[in-house]
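Asker: The sequence and its predicted three-dimensional model are supplied below.
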Amino acid sequence: MTLEEIKPRLEAAVPGVKLEIIPNDSPSGQRSLLVDAAHAFAVAQFLRDDPQLRLDYCSNVTGVDWPDRVVKTKVKKLVDGVEKDAEEATQISGCLEAVYHLYSMALKHGPVILRQRTADRTDKNHVASLTPVWRGGEFQEREIFDLYGIVFDGHPDLRRILMWDNFKDHPMRKDYVEPDDYEYEPTPHDEVLERAKQHQAEVRP
């Protein structure tokens, strides 16, 4: 079943849901379905339980960081009565995404790729946890919380999984700044060792 066929069925089954088919110009061409966080849990339940879909297996959950960016598009403009090629720049606010790859083990089809998007990259960084629907997403949502900073509302045990509790920031963010002391690195080597030596030389009298 294509996304164009799935989308209207979801809109009929989940009143008020906001869905968008996201194109993909990479070689894989795998398009995805963006769902608003307020209705994501109900959408997930429908995708799992619908007899024609039976998407009972979540193989992978990953995070994506989209910083603020400017997108340029080519347009035609009239200059002194002559049509010329020009560029228009559009400012797009940043966000974070959680991306779920879904398959049906029962019906042997997939993937269907489902996305949730935060309102921004700072304080409005919440989406719905889909772990109660697909239990295999528990550790993967925790990893995204840890490394990207997405808060999964409704997760049964949302806490860091790779970094320690007092660690600041989220290392997979595109604007993450690495520390220059590497005090947590037990065996620094190569570039890490050089940076550690430089830091020690600067802080010691």
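Answerer: Arrived safely, thanks for sending.
Asker: Tell me the spatial nearest neighbour of R159, not counting adjacent residues.
Answerer: With sequence-adjacent residues excluded and distances taken as CB to CB, 6 or more residues apart in numbering, R159 is closest to R142, at 6.7 Å. No exception for glycine: its C-beta is placed from N, CA and C like everyone else's.
Asker: List the buried residues in the one helix or strand that neighbour maps to.
Answerer: Mapping R142 onto the secondary structure by DSSP states H and E places it in helix 138-148. Neighbour-count burial for helix 138-148 flags E138, Q140, E141, R142, E143, I144, F145, D146, L147, Y148 (criterion: 16 or more other CB atoms under 10 Å).
Asker: Same question for stretch 56-75.
Answerer: Going by neighbour count (16+ other CB under 10 Å), the buried part of stretch 56-75 is D56, Y57, C58, V61, G63, V64, D65.
Asker: and the first one, what does it touch?
Answerer: This points to D56. Going by CB atoms under 8 Å, 6 or more residues apart in numbering, D56 touches R48, Y103, S104, M105, A106, W134.
Asker: Sort out which of the residues you listed are buried, if you could.
Answerer: Buried members of the contacts of D56, scored by 16+ other CB under 10 Å, are R48, Y103, S104, W134.
Asker: phi, psi of the residue lying closest to K18 once chain neighbours are set aside?
Answerer: By the measure of CB to CB, 6+ apart, the closest residue to K18 outside its immediate chain neighbours is D36, 4.1 Å from it. Note on D36: its backbone torsions stand at phi -70, psi 150 [degrees, to the nearest 10].
Asker: burial count for D36?
Answerer: Neighbours of D36 under the rule other CB atoms under 10 Å: 16.
Asker: ok, it to L158 distance?
Answerer: Using CB to CB, to the nearest Å, we find D36 at a distance of 20 Å from L158.
Asker: With L47 instead?
Answerer: Separation of L47 from L158 (CB to CB): 22 Å.
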